[in-house]
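Asks: coordinates only, sequence not included:
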């Protein structure tokens, strides 16, 4: 049995370690440090607060309980319908996760300042000192990067679910920076770097390795990627452009990298496009080649990738 917990002190207490040592059947996995915003319980209570209790007026505790109960019932009903749609793909597929964006609040919602300050090693007094403006800008950048990482992870699952409906797609794995835990780096702005505080690195793209048994299905993959990006935008109000979803086409059985799924609507798009003049690009329609590019095999290792879909034999 695997237990996923945060880094609260009681989870690492000596008594807890002793209890676990006596029960080898239990395996504990800790969420990344400074990632309290990934805690599913915190997200759930934040969602209830945003959608139900904030700015609400309740005459009694019972009225509050009933309001929350109504929200939970509505959420569960909508969630069940979405799960049923996700599971209706095919009986011979396995999905590592069930796609559901309803658990996550809007990116316009605030992550509390006290959470960000604590994660960055700062305190409330830093918002009123001589560096208050820089600290505020730092918090804003940290919040943007955290939301971006979270929503890119969800978008990757949505795209994987869309691709799984194509018979030629045998497997989908998330690779790159979005597949790994958030990394702390110095801020991009030189002005903010002087504070000496590291923040969550901004994710650039969603990288997916997709094993395809029939390359004539690449146009269908293109359409599925575009539809998934559009559906994700409507569901979450957070935009992920189709060109930010990089699909690396792999050969089933050998894990050979064949090329990238083209982002253009026609192949070749235009002889004047430098991307279309790379040797071998377009020999297979919509299979793009990049000059001097190598996909290293270790990016597909379990430590650096997350399998989102795999078709059963």
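Replies: Structure received. Everything numeric in this text was worked out from a predicted model, so none of it was measured.
Asks: tell me the contacts of residue 207?
Replies: Counting by CB atoms under 8 Å, 6 or more residues apart in numbering, residue 207 makes contact with 174, 175, 176, 177, 178, 179, 246, 248. C-betas here are computed from N, CA, C, even on glycine.
Asks: pLDDT score assigned to the closest residue to it other than its chain neighbours?
Replies: Distances taken as CB to CB, 6 or more residues apart in numbering place residue 176 nearest to residue 207, at 3.4 Å, with adjacent residues excluded. You'll see residue 176 listed with a pLDDT of 90.
Asks: and for residue 176, the neighbour number?
Replies: Residues near residue 176, counting by other CB atoms under 10 Å, number 20.
Asks: isn't it up against residue 295?
Replies: No. If you go by CB atoms under 8 Å, residue 176 and residue 295 don't touch, sitting 10.6 Å apart.
Asks: show me where this protein has its helices.
Replies: Under the criterion DSSP state H, the chain carries helices at the ranges 14-21, 40-48, 61-87, 113-119, 132-163, 190-193, 218-236.
Asks: quick one, grab the pLDDT at residue 251.
Replies: 93.
Asks: residue contacts, it?
Replies: Residue 251 neighbours (CB under 8 Å, 6+ apart): 211, 257, 258.
Asks: most neighbours of all the residues you listed, which one?
Replies: residue 211 (23 neighbours).
Asks: low-confidence regions, the protein specifically.
Replies: 33-38, 78-111, 237, 268-277, 313 (pLDDT under 70).
Asks: name the residue closest to the centre of it, please.
Replies: residue 153 (0.8 Å; CA atoms, centre = their mean).
Asks: that one against residue 178, yeah?
Replies: Yes. Here residue 153 reaches residue 178: they are 5.9 Å apart, a contact under CB under 8 Å.
Asks: who's in contact with residue 229?
Replies: 155, 159, 240, 241, 242, 245.
Asks: try 10 Å this time
Replies: With contact set as CB atoms under 10 Å, 6 or more residues apart in numbering, residue 229 has these partners: 155, 158, 159, 162, 206, 239, 240, 241, 242, 243, 244, 245.
Asks: quick one: it from residue 217, how far?
Replies: Going from residue 229 to residue 217 by CB to CB, to the nearest Å gives 18 Å.
Asks: picking that back up, would JSON lines of the contacts of residue 229 with neighbour count and distance to residue 194 be doable?
Replies: Shown next, in JSON lines, are those (neighbours: other CB atoms under 10 Å; distance: CB to CB, whole Å):
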{"residue": "155", "neighbour count": "26", "distance to residue 194": "34"}
{"residue": "158", "neighbour count": "23", "distance to residue 194": "39"}
{"residue": "159", "neighbour count": "31", "distance to residue 194": "39"}
{"residue": "162", "neighbour count": "24", "distance to residue 194": "44"}
{"residue": "206", "neighbour count": "24", "distance to residue 194": "32"}
{"residue": "239", "neighbour count": "13", "distance to residue 194": "32"}
{"residue": "240", "neighbour count": "23", "distance to residue 194": "32"}
{"residue": "241", "neighbour count": "11", "distance to residue 194": "33"}
{"residue": "242", "neighbour count": "16", "distance to residue 194": "38"}
{"residue": "243", "neighbour count": "11", "distance to residue 194": "34"}
{"residue": "244", "neighbour count": "16", "distance to residue 194": "31"}
{"residue": "245", "neighbour count": "23", "distance to residue 194": "35"}
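Asks: many thanks, I have nothing further to ask.
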